[in-house]
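**Q** Based on what follows, work out the 3D shape:
(2 chains)
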Amino acid sequence: ETGVTQTPRHLVMGMTNKKSLKCEQHLGHNAMYWYKQSAKKPLELMFVYNFKEQTENNSVPSRFSPECPNSSHLFLHLHTLQPEDSALYLCASSQDGTDTDTKQYFGPGTRLTVT
Amino acid sequence: DAKTTQPPSMDCAEGRAANLPCNHSTISGNEYVYWYRQIHSQGPQYIIHGLKNNETNEMASLIITEDRKSSTLILPHATLRDTAVYYCIVRVVTSGTYKYIFGTGTRLKVLA
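**A** From the prediction side, this is the model:
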């Protein structure tokens, strides 16, 4: 699926660094999502944005800060991360987060390693 | 918590049909069942979804029982490239927003 892109694909950062993950969708969708997938664990929903408004924060630590400047772009700003934050971070989009019948399209993910 | 339960793993011979079961006994009347798969460390890929009726597309078929408490994803002629983790999902809604709660899925291994 090429409709959702994520950059960078791989990132290594120290615990004192600040970095950002970027997600862009070219599907004309209005809802965007961040998920975290740690090794051998299910995907965990982190944040949901619907029409640029944050509608879900799944008790995510404040060292993760999302930003949604428009319906096509979603960022995840990272600062003072811990080694246990190393994971695959996945972005997804859907037509409308409040629709009863809508599927999500996922990006390829960013593999983050915190050293 | 995920609203679905799936067997942790299954094997299937190449060229044979793969039948992946899913239980969703607490599903509500207007909730859809979605199936995705994730090939090693890639983003999940949509396969199919349905509400009540059986569905078929170019990738798979979805059979939903009449009471809607379980479903089966059928890959009619499995290939090695179908080796992946398959997720059955019933969305939950909080504050008007629908969201996926992923379980651990079924790891399907297609054998040559």
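**Q** Could you list the contact residues of chain A toward chain B?
**A** A:1, A:4, A:31, A:33, A:35, A:42-45, A:48, A:50, A:55-56, A:88, A:90, A:92, A:97-109, A:111 (Cβ under 8 Å from any Cβ of the partner chain). (C-beta placed from N, C-alpha, C; glycine too.)
**Q** Generate a PyMOL selection restricted to the buried subset of the residues you listed.
**A** Entered in PyMOL, the line below selects the buried ones among these, by 16 or more other Cβ atoms under 10 Å in any protein chain shown:
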select buried, chain A and resi 4+31+33+35+43+44+45+48+50+55+56+88+90+92+97+98+102+103+104+105+106+107+108+109+111
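**Q** Lowest mean pLDDT among the helices and strands of chain A, which one is it?
**A** strand A:53-57 (a mean of 88; mean pLDDT, DSSP states H and E).
**Q** Which strands or helices does that one pack on?
**A** Strand A:53-57 sits against strand A:44-50, strand B:97-99, with contacts defined as 3 or more Cβ pairs under 8 Å, 6 or more residues apart in numbering or on different chains; DSSP states H and E.
**Q** change it to 10 Å
**A** Contact partners of strand A:53-57 among helices and strands, from 3 or more Cβ pairs under 10 Å, 6 or more residues apart in numbering or on different chains; DSSP states H and E: strand A:31-37, strand A:44-50, strand A:64-70, strand B:97-99.
**Q** got a list of what the spatially most central residue of chain A touches?
**A** Centroid-nearest residue in chain A, with Cα atoms, centre = their mean: A:Trp34, separated by 2.8 Å. A:Trp34 makes contacts with A:21, A:23, A:44-49, A:56, A:58, A:60, A:64, A:66, A:68, A:74-76, A:89-92, as judged by Cβ atoms under 10 Å, 6 or more residues apart in numbering or on different chains.
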